[in-house]
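**Student:** Here you go, sequence then predicted model.
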Amino acid sequence: MNSALVTTIYWFYAGTIVLNIVIAAFQYADDRLAVRKSVLLYWIAVLSAVMANTLVQDNGLRMVLIASAASFATQCILARVLADVFHHQPRWLAYIGSYTAGTMIGWALELSGTRFEVYATLILISSIAPVAASLLSVFKQHKRPFTLVQKMFLATAALMSMHSPDWAWMRTDVHLFIAGSIVAMVLVHILSILMPMLTVEYALDCKNAALEDEVEKRVAQLSDAREKLGEAEKFASLGRMAGGVAHEINTPLTIIGLNANRLRQEADIAPPSRDSVLRSLQAIDAAAERIANMTHALRKVALENVGGGRACLDLNAAARQALAARAERLENAHITIEFKANNLPTYIEGDPQEIQIVLSHLMDNAIDAVAELAVRWIRCDVYETISTCEFSISDSGSIDHEIIDRLMEPFVTGKPLGQGTGLGLSISRAIAERHGGSLVLDRTSSVTRFVFTLPKAKMRDP
Amino acid sequence: MTNEKRRILIVEDDDDLRVLLADLLKDEGYHVETACDGLDAQISISKQRPDIVMSDIRMPLCDGFQLAHKLLDLDPPLPFLLVSGFAGERGLEQLISNPTMIGFLKKPLVPSTLINVINHFFERLKNPAA
């Protein structure tokens, strides 16, 4: 009965292992991961070890050597699996060395007549060195926390290793032997469940890592592309500005030419009348002034890149000053002006002249916008946020929605011809950006509202 | 008698220039209508079709190229002359080989060139063989 039970147990044992070999073979064929190859080899080695154990029946050194050799090989492959999954470096030479040393000592002990159990245990212990060392190494070196599957796997592997040396003691007693075999079989079953889970987790990890790499690359590409787009936009806008300049100068030039031509044609026939001459000259004057305005504005755009001095500036005071300079104009045009700001200074760091240009321009724009309207008011506001100071100006005017998107571009103006070069806002915006701030039209506001934002000064030094 | 008035529509957003151009061409004996942008031009054309349209390119609301395409769509296409203050206008490549565009002039306009182009066009209209 006992030997029948033992045989049955062995067949179950072997059957499980064969199943594991089949599964491992399929998985390895599927994705060719190195760790799957190690798992496959492991199960093959386990099967070989089981076979080897059944072949040798006597209790002698030879059997111990065969059993321990099989165990050592198996353990080495398990160490390989651990190395693949947990990224640790097995020290093969050390393992081989310790096994060889153990074997030599065991052999010496056998020769000197020591008990079977003693030298057998010694040799077996030395054969489990690979996994024991690997487990320790994994625990010490692993940086990320273990998953549940990994923890269970490591525990099972540890138990199997510890179970191996007691075999020498159990082999002598058939009851213990059966009990020990059942324990081994249970452990093998657990391991056979955990192995595929472990390798699947590992495969997923690899895929994730590859994906993360890909994402990083794409992000880098995107920001590259965005930079290039920004450059292209800058060039495009420069091109548009050049086109605008050419057009704005060519039209007055044409007017001058046509007037000159007309006068000459008249003079060809008879001396031109005084009226005619004056009219033409006036037109020529006006055209020349338009060109002069254009070049003046251009010069300002060119000079804007020459930085003036930077100083600690009270935005609140600057705004008040700009308003005060226009007090008479506001009164004469009957424009209601409201300035909402406390009396505390709000310090920004900037070029006082340039900041004044922006403030002046915004205010002048607002005044121009409302001067002819029925409802005329302008509201100014200076306030601080955590990192910035903002000046906002609203007025009762409205901006044509057709140009609203392009308002800050050079040469776009809502003003009638001759009244605005269309460069003021784009210059102001450039100044704002060069100070690390911004000038935007508040699209969420129901009235026309511009917001001029500047970073706060780091040091308060009036 | 082929002395019927030859009609030109001038499309130009700059008021001063528009008036000057109109005077210039009226002195040459043409019947001149004016429009201040592309939309205005289309309204004028629908009221009375001119023989030729002379248009600036850079105009608000409906620029010269858009107008040109509208003129090409008419049946028969309406000949036009484009004037530009800025060379290298994009959109030109599509039109440049189209015979409906009889010319492309650059500002500053030289009056004699403009008059020659228009006269030449009307000459060919009278004598297609020429």
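**Tutor:** Received it, and whenever you're ready, just let me know what you need. Numbering: from 1, shown residues only, chains lettered A, B, ... in the order given.
**Student:** I'd assumed A:I182 was in contact with A:V6.
**Tutor:** No - judged on Cβ atoms under 8 Å, A:V6 makes no contact with A:I182 at a distance of 10.4 Å. Bear in mind the C-beta positions are built from the backbone N, C-alpha and C, glycine included.
**Student:** quick one: the strands in chain A?
**Tutor:** Ranges of strands within chain A are A:311-314, A:336-340, A:347-350, A:377-384, A:388-395, A:438-441, A:448-455, based on DSSP state E.
**Student:** Kindly report the same for chain B.
**Tutor:** With DSSP E as the criterion, chain B has strands at B:7-11, B:31-35, B:52-56, B:80-84, B:101-106.
**Student:** Quick one: list the elements packing against the longest one.
**Tutor:** The reference is to strand B:101-106. Packing contacts for strand B:101-106, counted by 3 or more Cβ pairs under 8 Å, 6 or more residues apart in numbering or on different chains; DSSP states H and E, involve strand B:80-84, helix B:92-96, helix B:111-126.
**Student:** Give me the sheet partners of that strand and which way each runs.
**Tutor:** If you go by DSSP bridges, strand B:101-106 pairs up with strand B:80-84 (parallel).
**Student:** Could you pick out the residues of chain B near chain A for me?
**Tutor:** Contact residues, chain B versus chain A (Cβ under 8 Å from any Cβ of the partner chain): B:13-17, B:20-21, B:23-24, B:27, B:58, B:60-61, B:84-88, B:106-111.
**Student:** So which of the residues you listed belong to helices?
**Tutor:** Residues of the residues of chain B next to chain A located in helices (DSSP state H): B:D15, B:D16, B:L17, B:L20, B:L21, B:D23, B:L24, B:D27, B:P111.
**Student:** was I right about the second one contacting A:A286?
**Tutor:** Yes - in this structure, B:D16 is within contact of A:A286 by Cβ under 8 Å, at 7.1 Å.
**Student:** Now list whatever residues contact both of those two.
**Tutor:** Residues within reach of B:D16 and of A:A286 at once, by Cβ atoms under 8 Å, 6 or more residues apart in numbering or on different chains, are A:I255.
**Student:** neighbour count winner among those two?
**Tutor:** Applying other Cβ atoms under 10 Å in any protein chain shown to B:D16 and A:A286 shows that B:D16 carries more neighbours, namely 20 against 15.
**Student:** Show the model's pLDDT score for the more buried one.
**Tutor:** At B:D16, the model reports a pLDDT of 85.
**Student:** tell me the contacts of it?
**Tutor:** By Cβ under 8 Å, 6+ apart, the contact set of B:D16 is A:I255, A:A283, A:A286, A:A287.
**Student:** Try it again at 6 Å.
**Tutor:** By Cβ atoms under 6 Å, 6 or more residues apart in numbering or on different chains, the contact set of B:D16 is A:I255.
**Student:** Could I get the buried residue list for the helix or strand of chain B with the lowest mean pLDDT?
**Tutor:** The helix or strand of chain B with the poorest confidence is helix B:92-96; it has a mean of 77 (mean pLDDT, DSSP states H and E). Neighbour counts over helix B:92-96 (16 or more other Cβ atoms under 10 Å in any protein chain shown) mark B:L92, B:L95 as buried.
**Student:** Can you name the residues in contact with stretch A:276-285?
**Tutor:** Contacts of stretch A:276-285 with the rest of the structure, by Cβ under 6 Å, 6+ apart, involve A:I256, A:N259, A:L263.
**Student:** Include pLDDT when you put the residues you listed into JSON lines, please.
**Tutor:** Below are the contacts of stretch A:276-285 laid out as JSON lines (pLDDT from 0 to 100):
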{"residue": "A:I256", "pLDDT": "92"}
{"residue": "A:N259", "pLDDT": "90"}
{"residue": "A:L263", "pLDDT": "89"}
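**Student:** need the helices for chain A, in chain order.
**Tutor:** With DSSP H as the criterion, chain A has helices spanning A:2-31, A:34-55, A:61-86, A:92-111, A:116-127, A:129-141, A:148-171, A:174-269, A:274-303, A:315-325, A:327-332, A:352-370, A:424-434.
**Student:** Save those as a markdown table, and put in distance to A:T444 too.
**Tutor:** As requested, the helices of chain A are exported to a markdown table (distance: least, Cβ to Cβ, whole Å):
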| stretch | distance to A:T444 |
| --- | --- |
| helix A:2-31 | 54 |
| helix A:34-55 | 57 |
| helix A:61-86 | 55 |
| helix A:92-111 | 69 |
| helix A:116-127 | 76 |
| helix A:129-141 | 56 |
| helix A:148-171 | 51 |
| helix A:174-269 | 24 |
| helix A:274-303 | 30 |
| helix A:315-325 | 22 |
| helix A:327-332 | 27 |
| helix A:352-370 | 18 |
| helix A:424-434 | 19 |
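**Student:** what's the most buried one of the helices and strands packed on strand B:101-106?
**Tutor:** The highest average neighbour count among the helices and strands packed on strand B:101-106, using mean count of other Cβ atoms under 10 Å in any protein chain shown, belongs to strand B:80-84 at a mean of 23.
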